[in-house]
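[1] no FASTA, just this:
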């Protein structure tokens, strides 16, 4: 059967979704977990999600929200995202007014955020957040995918991405790109082709399905998409009660947008 590897992305401080996915990953006997970025931002439990990542993940790719919170919020961030990033930064940056903000655990979390790699090569697989060139890029159509295939993937056969929050597969057949909307649980094999796989989002899906999404990959290059239900009510209630997170961040979880 070979080793099983879990790819997660866009957790966005959603502890309930991450906990449910971690149980599913354990049940599927995955030996390693890689996160393709945006571990935090938007959601109510950034520190708890960082702790799980430090304890259980092989690594986390530097997502645009991770970078914005730990370094500088870019001007192109929308107001809602920027406000949530400021809220999150106040809770994860050492020296704040929250309990434990000046302790060694918080300094360790902050150092972890600031030391995330932009990309990572895993044998014939390339891992990134938005694209291998920038964590702000969106690969959501054939034109963008072809650019990644031709310019940015090098010798890699598979490129795993996040950022769009929408699971999907781009296949390269000579110079033509074909998009495949993945079916839950179906096992895909690229069979000598090259592919870009967006693993979807754990904490804030945007494909109309509110369930958390992750990808189970195998050493032979095959992979399948998993959907996991979680307690949305609990996460939404935390967001609504938080001072500084907009109520719409809770509402969107119910509809997967």
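    Perfect, thanks for sending it. Treat the numbers as computed from the prediction; the structure is a model and nothing was measured.
[2] Next up, the contacts around the residue located most distally from the centre of the chain.
    Taking Cα atoms, centre = their mean, the residue of the chain most remote from its mean C-alpha position is residue 174, at 29.2 Å. Counting by Cβ atoms under 8 Å, 6 or more residues apart in numbering, residue 174 makes contact with nothing. C-beta here means a position set from N, CA and C on the backbone, and glycine is covered the same way.
[3] where exactly do the strands run in the stretch 101-250 of the chain?
    120-122, 125-127, 158-161, 168-173, 176-180, 194-198, 212-218, 223-228 (DSSP state E, counting those that start in this stretch).
[4] Please report the distance of the residue farthest from the centre of the chain from residue 195.
    Separation of residue 174 from residue 195 (Cβ to Cβ, to the nearest Å) stands at 14 Å.
[5] Ok, residue 106 next?
    According to Cβ to Cβ, residue 106 stands 40 Å off from residue 195.
[6] that older thread, can I get the strands of the stretch 101-250 of the chain in a markdown table with mean neighbour count?
    Below are the strands of the stretch 101-250 of the chain laid out as a markdown table (neighbours: other Cβ atoms under 10 Å):
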| stretch | mean neighbour count |
| --- | --- |
| strand 120-122 | 16 |
| strand 125-127 | 22 |
| strand 158-161 | 25 |
| strand 168-173 | 18 |
| strand 176-180 | 14 |
| strand 194-198 | 25 |
| strand 212-218 | 24 |
| strand 223-228 | 20 |
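[7] Among those, which comes closest to residue 13?
    strand 212-218 (13.3 Å; Cβ to Cβ).
[8] what about the closest one, average pLDDT?
    Confidence for strand 212-218, expressed as mean pLDDT, is 97.
[9] Neighbouring strands - and their directions - for it?
    Here strand 212-218 has these sheet partners by DSSP bridges: strand 4-8 (antiparallel), strand 223-228 (antiparallel).
[10] Dump these into TSV; add mean pLDDT and distance to residue 145 as well.
    Listed next are the strands paired with strand 212-218 as TSV, based on pLDDT from 0 to 100; distance: least, Cβ to Cβ, whole Å:
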stretch	mean pLDDT	distance to residue 145
strand 4-8	97	18
strand 223-228	98	17
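[11] Kindly reformat these as a markdown table containing distance to residue 38.
    Shown next, in a markdown table, are the strands paired with strand 212-218 (distance: least, Cβ to Cβ, whole Å):
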| stretch | distance to residue 38 |
| --- | --- |
| strand 4-8 | 10 |
| strand 223-228 | 18 |
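[12] To residue 137, which of the ones you listed lies closest?
    Closest to residue 137 of the strands paired with strand 212-218 is strand 4-8 (Cβ to Cβ; 18.4 Å).
[13] Could you point out the helix or strand that follows that closest one?
    Sequence order places helix 15-27 as the next helix or strand after strand 4-8, per DSSP states H and E.
[14] and that following helix, what does it pack onto?
    strand 4-8, helix 46-56, strand 212-218, strand 223-228, helix 232-241 (3 or more Cβ pairs under 8 Å, 6 or more residues apart in numbering; DSSP states H and E).
[15] Residues in contact with the helix or strand just after it: which ones?
    Counting by DSSP H and E, the element after helix 15-27 in chain order, helix or strand, is strand 32-35. Contact with strand 32-35 is made by 3, 5-9, 11, 25, 53, 56-61, 120, 122, 127, 160, as judged by Cβ under 8 Å, 6+ apart.
[16] quick one: residue 160 from residue 70, how far?
    22 Å.
[17] and the nearest residue to residue 156 once chain neighbours are set aside, how far is that from residue 160?
    With Cβ to Cβ, 6 or more residues apart in numbering as the criterion, residue 156 has its nearest non-adjacent residue at 3.9 Å, and that residue is residue 126. The gap separating residue 126 from residue 160 is 7 Å, by Cβ to Cβ.
[18] Lovely, talk soon.
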